[in-house]
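Colleague: The following comprises the amino acid sequence and a computationally predicted model.
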Amino acid sequence: MDIRMAGVTKIFHPDIVALEDVYLNVKRGEFVYFVGHTGSGKTTLLRMLNRELSPSSGQIIVGKHNLRKMRLGQLPFYRRQVGVVFQDFKLLPHLNAAENVAFVLEAIGMPGRQVAERVKAILTKLDLWKRRFLYPEQMSGGEQQRLAIARAVVNMPSLLIADEPTGNLDMETAESIMDILFSINASGTTVLMATHNQYVVDAFRARVVRLSRGRIVSDEPRGEVELYGDL
Ligand SMILES: Nc1ncnc2c1ncn2[C@@H]1O[C@H](COP(=O)(O)OP(=O)(O)OP(=O)(O)O)[C@@H](O)[C@H]1O
């Protein structure tokens, strides 16, 4: 899905300007990093694209959806096309790995046999099939993050939003997560990822959009950037 943000401002009560007059275009199938200091607005921007937050002003168009005008009833249909991965995984602790993934498909009414097939395919792809009966607390950080990604992409979203998906992971595990995100991107999913990880941005080149105090201050097509060098 193409994304177009025009003049987007987000003000939190009473007067915290989290984003200010943001213009951004992302083409279907792009991979884009969002970088910038803590509090620069990365998470706010991503949460608006998932329609968790609405802008105070401006337009956000994702595919054929105008997010500001979207009615509540349309939200579940929109969210089916958007996968979300957070640093804190947000896995369901009382469900095992396979059930965590199956849950997403059951929630949209997919028949049981198809659910089982999809769950097996995605857990195999992310090298988790042998771990399918484990509960999140029995899994390592890297495994939990892979499971969170499995859950986010099992429904083949057009857009994947990842907020610090390599945070708290060692370098090797972070690399395996990035390999997975790039392979998902290669299959056509647009990927938007907020990160503080200089190594990842250097090693896995993509477009880099830098935010500072809620504004886009640079946009590098091939991401040769010092994340914090010039500030
Ligand atoms: N729900 C909220 N209520 C009030 N202020 C908020 C809320 N969410 C974010 N903010 C403020 O908006 C600004 C941008 O925050 P945001 O989380 O988008 O930054 P970030 O770049 O993602 O930071 P980090 O790198 O630490 O995740 C900050 O000043 C933050 O305190």
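Modeller: Nice, I can see it.

Colleague: C-alpha from now on. contacts and neighbour counts both.
Modeller: Noted.

Colleague: how about low-confidence regions in the protein?
Modeller: 223-225, 227-231 (pLDDT under 70).

Colleague: Go ahead and flag the most central residue of it.
Modeller: Ile161 (1.6 Å; Cα atoms, centre = their mean).

Colleague: Helix or strand next in line after the host helix or strand of it, which one?
Modeller: In this structure, Ile161 sits in strand 159-163 according to DSSP states H and E. Note on strand 159-163: by DSSP H and E, the next helix or strand toward the C-terminus is helix 171-186.

Colleague: For stretch 205-214, what is the distance to the chain centroid?
Modeller: Remark: stretch 205-214 is offset 15 Å from the chain centroid, using Cα atoms, centre = their mean, to the nearest Å.

Colleague: close to the ligand, is it?
Modeller: No - if you take Cα under 6 Å from any ligand atom as the test, stretch 205-214 misses the ligand, and the best it gets is 6.8 Å.

Colleague: picking that back up, cross-check the contact I'm expecting between the residue nearest to the centre of the chain and Gly83.
Modeller: Yes - if you go by Cα atoms under 8 Å, Ile161 and Gly83 touch, sitting 6.1 Å apart.

Colleague: so what does the helix or strand in which Thr124 is found touch, helix or strand wise?
Modeller: Using DSSP H and E, Thr124 maps to helix 112-125. On a contact count with 3 or more Cα pairs under 8 Å, 6 or more residues apart in numbering; DSSP states H and E, helix 112-125 meets helix 97-107, helix 141-153.
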